[in-house]
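A.B. asks: need a structure here:
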Amino acid sequence: MSTQNRPRHLNGINGKLSRRQILKLSAAAGITGVLAPLGVRAEQEEVVRRSIPSSGQQIPVIGLGTARTFNVSTDDSPALAPLKQVLEAFYQGGGRLIDSSPMYGSAESVVGRLANDLGIASDLFMATKVWTRGETEGIAQIKQSEKRMGKGSLDLVQVHNLVDTQTQLDTLKAWKKEGRIRYIGVTHYRSDAHDELAKLCEKEPLDFVQFNYNIATRDAEQRLLPAARDNGVATLINEPFESGSLFGKVRGESLPEWATDWGIKSWAQFFLKFIVSHPAVTCAIPATSDPEHARDNIQAALSPLPDQTARKKMAALFNRL
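C.D. replies: The predicted structure follows:
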């Protein structure tokens, strides 16, 4: 699941600035840049992209998750307004992949409505999941997701949390062969599922595998990331902020001066750039309902990315906190 929505306030004690205040001050100083009209900013700045091994198609290394954050009524204009700003900021910053699921309530429908309102649906890489048991139920759910997300053919459908994996994979493989979907995959959000995900990478013709990985929880480095790399499977990373807990650990802490060498201007970018600088990571999918956080997150897709030496310094710094 992509439930990585950080708290609205990074620093809330001893009179320190909140994350919202920090971002506003940075914007006023010209640090975060001025957002250009839709699609322009991505062309002006270098967004890092990674190739999907099975096709060679390239996607930006930061995507957008929708768990919890996009689960609002499609008839509720006050709730939709900030989410429209989130999607617009994400797109303006160069983001393209958006990940959802029938498990996330109304999120698929909200994504579809807002993407069409903004006129960007055809530009987005639409990823969702099948989360049910049985062949008939799975097919019905995928068709429902196609209708809700409003793009027509979906780019990626994944078996969510390994529910009835083989049944749903059989359907997905058949649909891909028929050209009804472009890519197929499997997902989970817990480290105890990594072995099963790795086995599926080794035995099934997967295009994507989605799992949890971040600077605090690095189990995936042992087997799953190598298995994906060695078998030509693209990776989507959920829980990049450990459900927001990473921000609690750095509350009141200043970024190291050397972080600016890698274009890092916030702790969110620090955490995200650590993830996407791993060579076997294709795309991280933080979720948010805050437009300022969306602008902050997507800037982690801009080059440069930390090298191996910097990654070790980043992990060592975090471990000392």
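
A.B. asks: ok now do the residue nearest the centre of the chain, which residues does it touch?
C.D. replies: Most central in the chain under C-alpha atoms, centre = their mean is residue 285, positioned 0.8 Å from the mean C-alpha point. For residue 285, the contact set (C-beta atoms under 8 Å, 6 or more residues apart in numbering) comprises 2, 4, 62-65, 97, 99, 210, 236-238, 240. The C-beta positions use only the backbone N, C-alpha and C, and glycine is treated the same way.

A.B. asks: Residue 151: which of the residues you listed is nearest?
C.D. replies: Set against residue 151, the nearest of the contacts of residue 285 by C-beta to C-beta is residue 97 (12.6 Å).

A.B. asks: Wait, the closest one touches residue 286, no?
C.D. replies: No: contact criterion C-beta atoms under 8 Å: residue 97 and residue 286 do not qualify, at 11.7 Å.

A.B. asks: Please enumerate the shared neighbours of the two.
C.D. replies: Residues touching both residue 97 and residue 286 (C-beta under 8 Å, 6+ apart) are residue 64.

A.B. asks: which of the two has more neighbours?
C.D. replies: residue 286 (30 against 23; other C-beta atoms under 10 Å).

A.B. asks: In this structure the more buried one contacts residue 239, no?
C.D. replies: No: in this structure, residue 286 is not within contact of residue 239 by C-beta under 8 Å, at 9.2 Å.

A.B. asks: Pull out the buried positions in stretch 263-276.
C.D. replies: By 16 or more other C-beta atoms under 10 Å, the buried positions in stretch 263-276 come out as 264-276.

A.B. asks: Quick check: helices, which of those are part of them?
C.D. replies: Those of the buried residues of stretch 263-276 mapping onto helices are 267, 268, 269, 270, 271, 272, 273, 274, 275, 276, per DSSP state H.

A.B. asks: Generate JSON lines for these, with distance to residue 80 and pLDDT as supplementary columns.
C.D. replies: Output for those, formatted as JSON lines (distance: C-beta to C-beta, whole Å; pLDDT from 0 to 100):
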{"residue": "267", "distance to residue 80": "28", "pLDDT": "98"}
{"residue": "268", "distance to residue 80": "24", "pLDDT": "98"}
{"residue": "269", "distance to residue 80": "27", "pLDDT": "98"}
{"residue": "270", "distance to residue 80": "31", "pLDDT": "98"}
{"residue": "271", "distance to residue 80": "28", "pLDDT": "98"}
{"residue": "272", "distance to residue 80": "26", "pLDDT": "98"}
{"residue": "273", "distance to residue 80": "30", "pLDDT": "98"}
{"residue": "274", "distance to residue 80": "32", "pLDDT": "98"}
{"residue": "275", "distance to residue 80": "29", "pLDDT": "98"}
{"residue": "276", "distance to residue 80": "29", "pLDDT": "98"}
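
A.B. asks: Mind putting the residues you listed into JSON lines with distance to residue 170?
C.D. replies: Listed next are these as JSON lines, based on distance: C-beta to C-beta, whole Å:
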{"residue": "267", "distance to residue 170": "43"}
{"residue": "268", "distance to residue 170": "39"}
{"residue": "269", "distance to residue 170": "40"}
{"residue": "270", "distance to residue 170": "41"}
{"residue": "271", "distance to residue 170": "37"}
{"residue": "272", "distance to residue 170": "35"}
{"residue": "273", "distance to residue 170": "38"}
{"residue": "274", "distance to residue 170": "37"}
{"residue": "275", "distance to residue 170": "32"}
{"residue": "276", "distance to residue 170": "32"}
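
A.B. asks: Tell me the one of these nearest residue 319?
C.D. replies: For these, the minimum distance to residue 319 (C-beta to C-beta) is 12.1 Å, reached by residue 274.

A.B. asks: From residue 84, how far off is the closest one?
C.D. replies: Taking C-beta to C-beta, to the nearest Å as the measure, residue 274 falls 30 Å from residue 84.

A.B. asks: Return the residues in contact with residue 121.
C.D. replies: Counting by C-beta under 8 Å, 6+ apart, residue 121 touches 112, 115, 150, 151.

A.B. asks: In TSV: these, plus neighbour count.
C.D. replies: Converted to TSV, these look like this (neighbours: other C-beta atoms under 10 Å):
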residue	neighbour count
112	21
115	22
150	16
151	18
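
A.B. asks: List the ones among those that fall in helices.
C.D. replies: Short answer: the contacts of residue 121 in helices (DSSP H) are 112, 115.

A.B. asks: Confidence-wise, which of the contacts of residue 121 comes last?
C.D. replies: In terms of pLDDT, residue 151 ranks lowest among those, with 86.

A.B. asks: Look up the pLDDT of residue 152 for me, please.
C.D. replies: pLDDT, read off for residue 152, is 82.

A.B. asks: Which elements pack onto the strand or helix carrying residue 166?
C.D. replies: Counting by DSSP states H and E, the element that carries residue 166 is helix 165-177. If you count contacts as 3 or more C-beta pairs under 8 Å, 6 or more residues apart in numbering; DSSP states H and E, helix 165-177 packs onto strand 125-130, helix 135-149, strand 156-159, strand 183-187.

A.B. asks: Before I go, just wanted to say thanks for your time.
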